[in-house]
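Colleague: Okay, structure incoming, though there's no sequence with it:
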């Protein structure tokens, strides 16, 4: 027996105009359906209806160190937490847990996976990454991760090199170009974890599609990103952990001082990238040091780099969906949407507390 048709109405964004949607068999349509159950906007109040939110950098299946990997039940609970705040599309930027079985659950957000982090031995957090023993293997390993993922690969671009006591790039520029070409040949885009300054020119010049964090951006590398069309996901709420990371690294004073300096410069540098025209998207880095379900806090942080309230929400919603190749609210699209009693552009207190979440046409309150 087919499920009853649903009906929502309110104001849409970014234009703020009245919208109505009918939901039939989990899909959106603009054609009215007689006797549909109006689940939002029945009283005619000016609520708000937007596409399902996007966390463009999170880690479903990743837990606090040490170890990293969590069981599939905990991974599902992480996804449920994201659903609760309306984050219905998750770009999973690296996880040691194989979460592909979660795709069989219609009650969980859609996950775009980047496979596992790709790093060198002892040049990333233990247990998180696929270790590349011989740098010449990088293109083949990237190609393998591209085939395992959902259109993305995640490199570790820089990390502390204990032999010098500071952040340093992991990869030779020449091998980076080969690896990124290999990913593209397998239909995947590439992103990279980057804290410092030195790894950025090689990554951007090699054709990387996105930079995560980007605290070491300079005017020159911002210009390169504009030239190459490289996107940025700054994970601003996770940058608040930099002072604590520095405090725990007393054994490496140069690295600790570098992390503190990157933290002081982080908001101005991301603001400069946004002002220059770099495409910036919202990602929380949830899964290790950041709890899941905080996309509204990241939207607020994007406003602090100079984004308008509408653009900051778009970076976690309709603009992020377009970047990731997923539909927003259009006729025939999957019925993944979020409803608010108040304007979600007012901030995290509204964004993190939706009145109604609809995923694949099913209502969650």
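Modeller: Received, thanks. Just so we're clear, the structure is a prediction, and the values are computed from it rather than from any experiment. Numbers count the residues shown, from 1 in each chain.
Colleague: contacts, neighbours, all on C-alpha from now
Modeller: Noted.
Colleague: remind me which residues of this protein are low pLDDT?
Modeller: 1-2, 65-67 (pLDDT under 70).
Colleague: same thing but at 80, please
Modeller: 1-3, 43-45, 64-67 (pLDDT under 80).
Colleague: where do the helices sit along it?
Modeller: With DSSP state H, the ranges of helices along the chain come out as 72-84, 138-148, 173-185, 200-205, 219-228, 236-239, 242-247, 253-276, 295-303, 309-314, 318-323, 348-351.
Colleague: Out of the ones you listed, which is the most enclosed?
Modeller: The highest mean neighbour count among the helices of the chain, using mean count of other Cα atoms under 10 Å, belongs to helix 295-303: a mean of 25.
Colleague: First-to-last residue distance for stretch 222-236?
Modeller: Stretch 222-236 has an end-to-end distance of 17 Å (criterion: Cα to Cα, to the nearest Å).
Colleague: Relative to residue 188, how far out is residue 57?
Modeller: 16 Å.
Colleague: before we move on, back to that, out of the helices of the chain, which comes closest to residue 94?
Modeller: Comparing the helices of the chain by their distance to residue 94 (Cα to Cα), the top pick is helix 138-148, with 10.2 Å.
Colleague: Can you give the contact residues for that closest one?
Modeller: Contacting residues not belonging to helix 138-148 are listed as 114-116, 118, 132, 152-153, 175-176, 178-180, 182-183, 186-188 [Cα atoms under 8 Å, 6 or more residues apart in numbering].
Colleague: quick one: that helix to helix 173-185, angle?
Modeller: Interaxial angle, helix 138-148 versus helix 173-185 (axes from the mean of the first three to the mean of the last three Cα atoms, to 10 degrees): 20 degrees.
Colleague: quick revisit: would you turn the helices of the chain into TSV with distance to residue 108?
Modeller: TSV is the format used below for the helices of the chain (distance: least, Cα to Cα, whole Å):
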stretch	distance to residue 108
helix 72-84	6
helix 138-148	20
helix 173-185	28
helix 200-205	34
helix 219-228	34
helix 236-239	24
helix 242-247	31
helix 253-276	32
helix 295-303	16
helix 309-314	22
helix 318-323	17
helix 348-351	19
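Colleague: and residue 91, which of those is closest to it?
Modeller: Proximity to residue 91 (Cα to Cα) singles out helix 318-323 among the helices of the chain, at 10.1 Å.
Colleague: Which neighbouring elements make contact with the closest one?
Modeller: Packed against helix 318-323 by the contact rule (3 or more Cα pairs under 8 Å, 6 or more residues apart in numbering; DSSP states H and E) you find strand 53-58.
Colleague: next one: the strand it packs on to chain centre, how far?
Modeller: Centre-to-centre, strand 53-58 and its host chain are 3 Å apart (Cα atoms, centre = their mean, to the nearest Å).
Colleague: Tell me the helices and strands packed up against that strand.
Modeller: If you count contacts as 3+ Cα pairs under 8 Å, 6+ apart, strand 53-58 packs onto strand 87-92, helix 318-323.
Colleague: Export these to a markdown table and append columns for distance to residue 254.
Modeller: Putting these into a markdown table (distance: least, Cα to Cα, whole Å) gives the following:
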| stretch | distance to residue 254 |
| --- | --- |
| strand 87-92 | 31 |
| helix 318-323 | 36 |
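Colleague: Which one of the ones you listed lies nearest to residue 334?
Modeller: Among the helices and strands packed on strand 53-58, strand 87-92 comes nearest to residue 334, with 11.2 Å by Cα to Cα.
Colleague: so who does the nearest residue to residue 347 once chain neighbours are set aside touch?
Modeller: What sits nearest to residue 347 in space, not counting adjacent residues and going by Cα to Cα, 6 or more residues apart in numbering, is residue 300, at 6.0 Å. Listed by Cα under 8 Å, 6+ apart, the contact partners of residue 300 are 312, 347-348.
Colleague: circling back: who wins for proximity to residue 296 among the helices and strands packed on strand 53-58?
Modeller: Closest among the helices and strands packed on strand 53-58, using Cα to Cα: strand 87-92, at 9.5 Å.
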